[in-house]
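Undergrad: Pasting the sequence and the predicted coordinates here, then a few questions.
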Amino acid sequence: MIKNLYTCIGKGFDPYENLALEEVLLRNVPKNSCIFYLWQNQKTVVIGKNQNAWTECKIKELEKDGGHLARRLSGGGAVFHDLGNLNFTFLMNTSDYDLDKQLNVIMTAVNNFGIKTEKSGRNDIITEDGRKFSGNAFYHNSDKSYHHGTIMINVDKEKVAEYLNVSAAKLASKGVKSVKSRVVNLTELNPHITIENMAKALFKAFEEVYGGKSETFVLDENAESMIASLKERNESFEWKLGKKMQFDLKLENRFNWGGIEIELKIDEGKVQEALVYSDAMDAEFITKFAPLMVGEKFSSENLAISLKNLSDSTLSSLQKEMAEDIIEYIGNQEF
């Protein structure tokens, strides 16, 4: 049960440092507490943990313009951040995680500016006319969790389209023709909204929804070295871009829960290497697929059988759906 409320504001606009601070806050969140962290990144594309950076982002264009590519711990899809966007993170022990309550904080704050909102799909908050202004993603480890997301105040929507490669299948699944057509800046609906007054409204809504007074969260003396270490990791080529494999077979499909991209390197009739990319929200579960295919005989039937090892009574209903969809999809291939 959450008894203590804390707030934190990012010091600068460096995505690698802001994401490092987020991770340090998660490690240090006290029991029975929730930390509400607000932060901003300058000209950054942030991709989900399991996404293929090479296909999700126009990296050369982004870096040429002085932008940054960053990878987060959570699942979900790629997003563009600039200083017209306000990011938020709720951090707590997993036993205190309450998505409806957390989303209610965001919706309450926006509603207070006269804008009606509602939840949509797996991770969006939209206006009453169906346009998205906030995308959300989630991370859970054994005992701690966070929920973070974006609030589009006055984002350069031209840059969203310029730097992101959004698949036609993904747009079709949402019934829209372009990424620009499905998003809205809150200043389009209320020109008096600013980053500053939205931040104040969010902190006020945080206290209102959780029913208590908040105080600024103070990190201990070891935090700076932890942040510096994680920032270095976040900036690294290996973390941001990962391995680029010369594959022999590539499979792509989109399901109700998200898209998947499978790359296989084949030699002597067996799978020598496998990479699985996805914008699925359950980032940890997706990582279980690739290892099960490595070393297996290269045939659709055999690979589908190898993945049936994921069938487990401990899986959630969504994880079972994901496993069944992928197994069926691979099994129906002809190789």
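TA: Thanks, I have it.
Undergrad: Now for V294, how many residues are close by?
TA: V294: 14 surrounding residues under other Cβ atoms under 10 Å. Glycine gets a C-beta too; all of them are placed from N, C-alpha and C.
Undergrad: Run through this structure and note the low-pLDDT ranges.
TA: Along the chain, the parts satisfying pLDDT under 70 run over 167-181, 311, 313.
Undergrad: Could you pull out the strands in it for me?
TA: Along the chain, counting by DSSP state E, strands occupy 4-9, 33-39, 44-47, 68-71, 79-81, 85-93, 117-120, 124-127, 132-140, 144-152, 214-216, 249-255, 258-267, 270-278.
Undergrad: For the third one, give me every contacting residue.
TA: Put plainly, it is strand 44-47. 15, 19, 53, 56-57, 62, 67-72, 77-82, 163-164 (Cβ atoms under 8 Å, 6 or more residues apart in numbering).
Undergrad: re the thing from before, CSV please, covering the strands of the chain and showing distance to A201.
TA: Converted to CSV, the strands of the chain look like this (distance: least, Cβ to Cβ, whole Å):
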stretch, distance to A201
strand 4-9, 13
strand 33-39, 11
strand 44-47, 24
strand 68-71, 27
strand 79-81, 20
strand 85-93, 10
strand 117-120, 13
strand 124-127, 14
strand 132-140, 14
strand 144-152, 10
strand 214-216, 14
strand 249-255, 36
strand 258-267, 31
strand 270-278, 34
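Undergrad: could you dump the ones you listed to a markdown table with distance to N197 and mean neighbour count?
TA: Formatted as a markdown table, these follow (distance: least, Cβ to Cβ, whole Å; neighbours: other Cβ atoms under 10 Å):
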| stretch | distance to N197 | mean neighbour count |
| --- | --- | --- |
| strand 4-9 | 14 | 18 |
| strand 33-39 | 13 | 22 |
| strand 44-47 | 23 | 24 |
| strand 68-71 | 27 | 21 |
| strand 79-81 | 19 | 25 |
| strand 85-93 | 11 | 24 |
| strand 117-120 | 17 | 16 |
| strand 124-127 | 18 | 20 |
| strand 132-140 | 16 | 22 |
| strand 144-152 | 12 | 23 |
| strand 214-216 | 18 | 12 |
| strand 249-255 | 38 | 15 |
| strand 258-267 | 34 | 19 |
| strand 270-278 | 37 | 20 |
